[in-house]
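> Predicted model, plus sequence, below.
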Amino acid sequence: MSTQAPILATEKLGVRYGSFLALSDVTLSIKSNTIHSVIGPNGAGKTTLFHALTGRVRASSGRITLNGQDITHVSDDKRVPLGIARSFQVTSLFQNLSVRENLRLAAQGRTPLQALAPWRGVDPRSQALAVADEVMERLELTHVSDRAAGELSHGQQRRLEVGMAVAAKPRLILLDEPTSGMGIDDVEAMKALIRDLGRDHTVLFIEHNMGIVMNISDTVTVMRAGRVLVEGPPAVVRDDPEVRRAYLGNMITGDLA
Amino acid sequence: MNRASLHFLLAALVAIALPLFMRSGTLASEVLIFAMAAAACNLLLGYTGLLSFGQGIFFGLGSYAAGLTLLHTSLPLGVALVLAAIAGAVVATGVGWLSIRRQGVYFVMLTLAFSQFFYFLAYTFKDITGGDNGLLNIPRPAIGPFSLGDSWAYYAFVAMLFLIVFAALQRVASSTFGCTLLAVRDNEERARAIGFPVRNFKITAFAISGAVTGLAGALHALLIGVAPLSNIEYHMSESILIMTIIGGSGNLFASVLGAGFYVIVSDLLSSIWPRWLLLLGGLLIVVALFMQKGLWGLIERLVVALPMGRRSAIKSPIESPIQPESEGRGI
């Protein structure tokens, strides 16, 4: 695995909000078909890193490359067809649209220009709908397919949030705290799902639940104050004294797989 | 029967019923002309979540384009109408392209500014537009063997175009494009995150809305034989918006209701009381406070309340009324 070329790499990536340096000199290398987690205390710049990778926020300095192609200046919507999709920390769905329609849209987003033709009807046999059904099946949302996304339970909404990223069939999938606010049962299901996603995607995820992080990650990146503190396999990261200090000692307790 | 064909049937019924219940062919034509303009406005307001004060620009330009074509050339009526639609679409594309660079209040202010800008442009170039007097004596040529001189003959022509335009707008609304507009309205940020170039979708919506509004403006100028300055005034934008909101922004047929209500009630009230706009203002307050789904929502509620209508509660494609544009959540 380690000999593979990285699917995504950043080189001295920096993001500045006004005079505040949210991210500085972040150099990352995400290997293909691995599960890579990003941890760190609140305000460490994890979500900003995601924003920069997906193009929602422009990098102030540095470079981002996807499969060797420089995408630093590619706009957010154009990065989706290149194979990057994400979920949000704060659930961001089409609240008034049905679950199926949410996922159909997410699948359509890979070929957005097809949807720009005002005369083209929604084809019931379309590929996007097939993908939507497939994702619903995978996320156990089929029984609520016609409900408006806003009516779902929190756990279901979080699953759909991840589903929105999955439906784009990305090569690299970015999940921003997929388990936030979830109950224990849901967390276990999400953990299984992320592990499962790791088989046919590269997964980069932000997570506070150390049980999940230590258990399913191939690589862990620890961030603090906008910088990378340590990076390595879970076992190494867990025992790193710097990390222990950053987390005030005892927060990292998850089991190793 | 699905919802789209039901709504089309209702629109056709309106077009047939107007001559039966109204004495003036001019007023009946006006209802359908504004129904087109309001439905076009609804494509932006109800489907895309864009509150545009620019509709009067497209309406007025349509009037001028058709008027100028018929006054200065010998081109047939059909060409004049097509030119008006093109003028509406082109200017709407430009106005949209610039306005959607900002969101929420600033977007609205930009459309308002454009509205003022085009009004003064029309006012200033008196040689072309006739300024305050408007473009006078616009002819209404026959189409082949059919003379449109009689007001009901003209109504039949307008009604035909109305149904074609209504069906076309329905097609747009139910296409993948229309579905994406609903998504943009619902959560623009997410729409962009899943890969949609949101700007292009908004601009296309503007172009379609502008084309239909331009056509409506042209038909209006032909109806009264004048392209008045008031057709491009800010007040026109306001009227079209009010029709759309009173009807309800949930579906296209609601706009037909809104336009019909506005035109007919204005006509009735204005003959009784010169300050009738005051009443209309009151009604708008009631709609904003208590019936955000407009007249259509009211009818929906009545249908559900009826014992026999309970089973077939008509659901609008857009569940909630106009929402404020999603406030930029963080960066």
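That came through fine. Numbering: from 1, shown residues only, chains lettered A, B, ... in the order given.
> Strands of chain A, start to end?
A:6-17, A:20-31, A:35-39, A:61-66, A:69-70, A:84-87, A:172-176, A:202-206, A:219-224, A:227-232 (DSSP state E).
> The third one pairs with which strands, parallel or anti?
I take that to be strand A:35-39. Strand A:35-39 pairs in its sheet with strand A:202-206 (parallel), strand A:219-224 (parallel), by DSSP bridges.
> try the shortest one
Using DSSP bridges, the strands paired with strand A:69-70 in its sheet are strand A:61-66 (antiparallel).
> could the strands paired with strand A:35-39 be laid out in TSV, adding mean pLDDT and mean neighbour count?
Quick note: C-beta positions are derived from backbone N, CA and C, even for glycine. Below are the strands paired with strand A:35-39 laid out as TSV (pLDDT from 0 to 100; neighbours: other CB atoms under 10 Å in any protein chain shown):
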stretch	mean pLDDT	mean neighbour count
strand A:202-206	95	26
strand A:219-224	92	24
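> wait, which of those is closest to A:Gly109?
Across the strands paired with strand A:35-39, A:Gly109 has its closest neighbour in strand A:202-206 (18.6 Å, CB to CB).
> Which part of the stretch 51-200 of chain B gets nearest to chain A, residue-wise?
Closest approach between the stretch 51-200 of chain B and chain A, counting by CB to the nearest CB: B:Gly195, at 3.1 Å.
> Please read off the pLDDT at A:Val57 from the model.
In this prediction, A:Val57 carries a pLDDT score of 92.
> Apart from its neighbours in sequence, what residue is nearest it?
Computed as CB to CB, 6 or more residues apart in numbering or on different chains, the closest residue to A:Val57 that is not its neighbour in sequence is A:His51, at 3.9 Å.
> With respect to B:Arg3, which of the strands of chain A lies nearest?
Among those, if distance is taken as CB to CB, the winner is strand A:84-87, at 32.2 Å.
> For the stretch 151-257 of chain A, give me the ranges with low pLDDT.
Residue ranges of the stretch 151-257 of chain A with pLDDT under 70: A:248-257.
> What parts of it come near chain B?
Applying CB under 8 Å from any CB of the partner chain, we find that the stretch 151-257 of chain A lies next to chain B at A:Met164, A:Ala167, A:Ala168.
> I'd like those residues as TSV, with neighbour count appended.
Formatted as TSV, these follow (neighbours: other CB atoms under 10 Å in any protein chain shown):
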residue	neighbour count
A:Met164	28
A:Ala167	28
A:Ala168	26
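> Next, the contact list for the closest residue to A:Arg227 other than its chain neighbours, please.
Spatially, and ignoring its direct neighbours in sequence, A:Arg227 is nearest to A:Ser24 (5.9 Å; CB to CB, 6+ apart). Counting by CB atoms under 8 Å, 6 or more residues apart in numbering or on different chains, A:Ser24 makes contact with A:Gly14, A:Gly226, A:Arg227.
> what bridges to the most centrally placed residue in chain A?
For chain A, A:Leu174 is the residue whose C-alpha lies nearest the centre (CA atoms, centre = their mean; 1.6 Å). Note on A:Leu174: beta-bridge partners A:Arg86, A:Leu204, judged by DSSP bridges.
> What is the neighbour count of the residue nearest to A:Val57?
Burial measure for A:His51: 23 neighbouring residues, criterion other CB atoms under 10 Å in any protein chain shown.
> next one: the one 3 residues further on
Residues lying near A:Thr54 (other CB under 10 Å) number 22.
> again, but for B:Glu233
21.
> quick one: pLDDT of it?
94.
> hang on, it packs against B:Phe59?
No - counting by CB atoms under 8 Å, B:Glu233 stays clear of B:Phe59, with 9.7 Å between them.
> wait, which of the strands paired with strand A:35-39 is closest to B:Ala89?
Closest among those, using CB to CB: strand A:202-206, at 43.4 Å.
> show me what contacts the residue of the stretch 51-200 of chain B closest to chain A?
A:Asp77, A:Lys78, A:Val80, A:Pro81, A:Ala85, A:Gly109, A:Arg110, A:Pro112, A:Ala168.
> Need these in TSV (columns: distance to B:Lys293).
Putting those into TSV (distance: CB to CB, whole Å) gives the following:
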residue	distance to B:Lys293
A:Asp77	32
A:Lys78	37
A:Val80	34
A:Pro81	37
A:Ala85	35
A:Gly109	30
A:Arg110	35
A:Pro112	30
A:Ala168	34
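> Return the closest of these with respect to B:Ser270.
After measuring those against B:Ser270 - CB to CB - the closest member comes out as A:Pro112, at 47.8 Å.
> What does the pLDDT read for that closest one?
For A:Pro112, the predicted pLDDT is 89.
> neighbour-wise, which of the contacts of A:Ser24 leads?
A:Gly226 (22 neighbours).
> Now the nearest residue to it once chain neighbours are set aside: phi and psi?
In space, and not counting its chain neighbours, A:Gly226 is closest to A:Gly45: 4.1 Å by CB to CB, 6+ apart. Backbone geometry at A:Gly45, expressed as degrees, to the nearest 10, gives phi 100, psi 10.
> which residues touch A:Gly45?
Neighbours of A:Gly45 in contact, by CB under 8 Å, 6+ apart: A:Val15, A:Ala22, A:Leu23, A:Val26, A:Met223, A:Ala225, A:Gly226, A:Arg227.
> Pull up the gap between the second one and B:Arg192, please.
Right, A:Ala22. Distance, A:Ala22 to B:Arg192, using CB to CB, to the nearest Å: 21 Å.
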